[in-house]
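1. Take this sequence and fold it.
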Amino acid sequence: MTAPWMTPAGVVYMSLFFLSGVACLSVIPRARTLDSAELRYGLVGLLAATGSWGVLKTAFFVVPDPLRAATYTLGLVFGFATVWAWLYFASAYTGRRLHTNPTLRRLAVGVFLTVVAVKLTNPIHRLYFTTTESTRPFRHLAIEHGAIHWISTGLSYTLAAIGLFMIFDLYVESEYDSRPLVAFTGLLALPIVVDLVAIATPKLINFIYAPIGVAAFAIGAVTLFGDRLLAVGAATQITDTAVIVDRNGRIQDFSTAAVSAFPELDGAVGETLDTVLPAVAAARNRDEKVVERDGGDRPAYYFLSSRSMTIGDSAAEVLAFTDITERERQRRRLAQRERELDQRNELYRAIMAASFSFIFRIDLDNRFSFVSPSAEAFIGYTPDELTGQPISVLAADEETFSEATEYLEEVTRGESLQMRDHPISTRSGRTVYVDMRLVPIYEPSVDRDARTPADIVGMQAMVRDASQRRQREGLISVINRVLRHNVRNELTVINGRAEMLAAELDGDAESSAETIVQAADRLLDITESARRIESNRELSPKLEAVDLVPIIDGLVAQLEERYPDTVVTTEIPETAVAETLPRIETALWELFENAAEHGGPRPAVDVSVTTSDEQIRITIADEGPGLPEDERQVLADGKEEPLVHGQGLGLYLAYWIVTNLNGEIEVPGTRSGTAIEIGLPTPSDRP
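-> Just a heads-up that it's a prediction; the model follows:
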């Protein structure tokens, strides 16, 4: 009989299988250049198994008869291996993780070894296939497949179909022009049609033609369609918004979502990226890969990432765009806030530098945790020398140390305090005096409204050198005491002598003596006002809740007793609690007395009190000639001219006390008489 290679049909069969096998094996080196390890393993395995299968198919026709059945069986083993290599490739290519699942991998190995065992033991059970001599279309060993073969073949085709489904599903979902890939991948199914025809007609050998289709796909994957195949797979795994460019930067493809984000892409296939999207091209070459797009009212932002895929000479770069608009807007808002915060911090530091000599920060163990550099010039210690040291290192003596400790304990309870004329000891041992403002430092992560003393992590002391102020105030105090003492003594002598003269004289001389008495009385009033100003000057400004009604009632009774000819009317609620101090009584009395003394021939004083959530308002009105402009200025802005009369200094005292207690004083215009209004804040913790 004629050998297969001696007939045209035999040459065709042998050539098809041989060329498919050799072609697969020859492109393995090219497939090994694929930079994705998982795709590389799957594709190289598919090429190696398919190539070996094709070569063994060819050898089946040329080996001696005793070896043909064994050669065919070995080919079946490699053929079954192509199924698993194909599944591995399809899973990796489509971004699924089936090939990395330990359970599926163990199951696949078990099925593969079981089927291989059945195939290798066929000479014993002969249930997989049997052989007979055949002469059509040429002399060869015909294979008669048994039931187990068809079960194995059905399993193989099912598994291969699963891989095809994964890939076709990727093409459909990719939003790219994948029609060439669909047609090219469809070559895998063509040998199945030939297998069915071979079963139905004796004109073809019933010989399983799958190696030819698998070889066509595997070779095409690494030669004809390598760049598009890899780019579509990579882009789909990265993002829906992607652009594919080649190694020369020319646009090869893009997704529908990319056109929505970048309308310039429409019809731009083949053009260079830097021409169509210069901002994207620029972002590829810089560290901050953020692309800004004009979004109308507000810009949109995309983060650019890229993934390069290479296989041999084929290369594609997938530019993926992730919409980070909200995150980028927030980042830019935060950056703007940081810039504003830096500006405020600079302003804060400038204000602190102008208002205070230096700053301490103290932890809850009463140790210095921060010392500003400016402290060294004042106390002699460097910041490093004081940091970590207890506050006792600056204590002038035990008494002042105990006082400072008590103040700090109050701060840890949430209080903000001021210390005046506090003595501290410098490095040289000299005692200096400072004014300090102590405030708590809270955990910054806690909202301001939710802060409690438990959230305090330290304290800050803002320190000012009080030496010059102490010297100045000491000098003023001495002058005041000397003048007040001497003036009162001398005025008392003048007043007494003038009263004696007025009693002994008559006529113009008596009138002159009485004028001297009145002038002396006014000067005595001025000295008394000065005394009261000084007595109030050093009092603590820490305010408290004070009910004004008892104070006003007492002042009204005192006014009626001292000025019995004055008619006093009141409109006062049952309670009127203000955030002030009891010394507000001094200011109110000055205004009450001023109204009684200057209320006209039939003096009348009207006192009313109104309350609101924010303020207590006290109005003192009279029917007199009105307040002179200079005295109105005293109450409007505290302006006190050098040449001032007695009641002027009293009004200045009223202005000074009210404003020092966070209150306000006004003199609204009226048609007749004078009305003075005082506004005092209500307590902040008022229910």
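2. Could you look up the SS state of the nearest residue to residue 322 once chain neighbours are set aside?
-> Distances taken as CB to CB, 6 or more residues apart in numbering place residue 303 nearest to residue 322, at 4.6 Å, with adjacent residues excluded. For every residue, glycine as well, the C-beta is placed using N, CA and C. Recorded secondary structure, residue 303: strand (DSSP: H, G, I helix; E, B strand; the rest coil).
3. Please apply the same query to residue 579.
-> Once three-state DSSP is applied, residue 579 turns out strand.
4. Which residues are in contact with it?
-> Applying CB atoms under 8 Å, 6 or more residues apart in numbering, we find residue 579 in contact with 543, 544, 545, 546, 662, 680, 681, 682, 683, 684.
5. How much space separates it from residue 548?
-> Residue 579 sits 11 Å away from residue 548, going by CB to CB, to the nearest Å.
6. Likewise for residue 26?
-> Plainly put, residue 26 is 105 Å away from residue 548 if you go by CB to CB.
7. ok, now residue 657?
-> Between residue 657 and residue 548 the computed distance is 14 Å (CB to CB).
8. Please identify which of residue 26 and residue 548 sits among more neighbours.
-> Using other CB atoms under 10 Å as the criterion, residue 26 and residue 548 rank with residue 548 on top: 24 against 12.
9. For the closest residue in space to that one that isn't next to it in sequence, report the pLDDT, please.
-> Nearest non-adjacent residue to residue 548, counting by CB to CB, 6+ apart: residue 576, 4.6 Å away. For residue 576, the model assigns a pLDDT of 92.
10. residues near residue 576, how many?
-> 21.
11. residues in contact with it?
-> Neighbouring residues of residue 576 by CB under 8 Å, 6+ apart: 547, 548, 549, 609, 611, 616.
12. what helix or strand does residue 370 sit in?
-> In this assignment (DSSP states H and E), residue 370 forms part of strand 368-371.
13. Could you check the pLDDT of residue 549?
-> Here the pLDDT value assigned to residue 549 is 93.
14. who touches it in this structure?
-> 572, 573, 574, 575, 576, 609 are the contacts of residue 549 under CB under 8 Å, 6+ apart.
15. Of those residues - the most surrounded one?
-> Of all the contacts of residue 549, the highest neighbour tally under other CB under 10 Å goes to residue 576, namely 21 neighbours.
16. hang on, the earlier thing: mind listing which of the contacts of residue 549 are in strands?
-> Judged by DSSP state E, the subset of these located in strands is residue 609.
17. Look up how far residue 424 lies from the closest residue in space to residue 420 that isn't next to it in sequence.
-> Excluding its sequence neighbours, the residue lying closest to residue 420 (CB to CB, 6+ apart) is residue 435, at 5.2 Å. From residue 435 across to residue 424, the span is 11 Å (CB to CB).
18. Those two: which has the busier surroundings?
-> Higher neighbour count among residue 435 and residue 424: residue 424, with 21 against 18, using other CB under 10 Å.
19. so that one, which of the three states?
-> Assigned by three-state DSSP, the conformation of residue 424 is strand.
20. State the phi and psi torsions of the nearest residue to it once chain neighbours are set aside.
-> Distances taken as CB to CB, 6+ apart place residue 394 nearest to residue 424, at 4.5 Å, with adjacent residues excluded. The phi and psi torsions at residue 394 (degrees, to the nearest 10) take the values phi -100, psi 0.
21. Residue 394 contacts residue 425, correct?
-> Yes - with contact defined as CB atoms under 8 Å, residue 394 counts as touching residue 425 (5.8 Å).
22. Which residue of these two possesses the greater neighbour count?
-> Each of residue 394 and residue 425 has its neighbours counted (other CB under 10 Å); residue 394 has more, 24 against 19.
23. The more buried one: what's it in contact with?
-> Contacts of residue 394 by CB under 8 Å, 6+ apart are 379, 386, 424, 425.
24. is it true that residue 145 touches residue 128?
-> Yes - Residue 145 is within contact range of residue 128, at 7.5 Å (criterion: CB under 8 Å).
25. The two - which one has more neighbours?
-> Counted by other CB under 10 Å, residue 145 and residue 128 do not tie: residue 128 has more neighbours, with 23 against 15.
26. roughly how far apart are residue 91 and residue 275?
-> Remark: distance between residue 91 and residue 275 (CB to CB) = 38 Å.
27. between those two, who's got more neighbours?
-> Counted by other CB under 10 Å, residue 91 and residue 275 do not tie: residue 91 has more neighbours, with 22 against 13.
28. so where does the more buried one fall, helix or strand?
-> Using DSSP H and E, the element containing residue 91 is helix 65-93.
29. For the residue nearest to residue 322, give its distance to residue 257.
-> 15 Å.
30. Tell me which helix or strand comes right after the helix-or-strand element of the chain with minimal mean pLDDT.
-> Least confident helix or strand, the chain: helix 226-238 with a mean of 54, by mean pLDDT, DSSP states H and E. Per DSSP H and E, the first helix or strand lying C-terminal to helix 226-238 is strand 242-245.
31. Mind listing what's buried along whichever strand or helix holds residue 590?
-> Assigned by DSSP H and E, residue 590 belongs to helix 584-597. For helix 584-597, the neighbour count (16 or more other CB atoms under 10 Å) marks 584-596 as buried.
32. coming back round to it: which strands or helices does the helix holding residue 91 pack on?
-> helix 37-62, helix 102-120, strand 129-134, strand 140-145, helix 147-173, helix 210-222 (3 or more CB pairs under 8 Å, 6 or more residues apart in numbering; DSSP states H and E).
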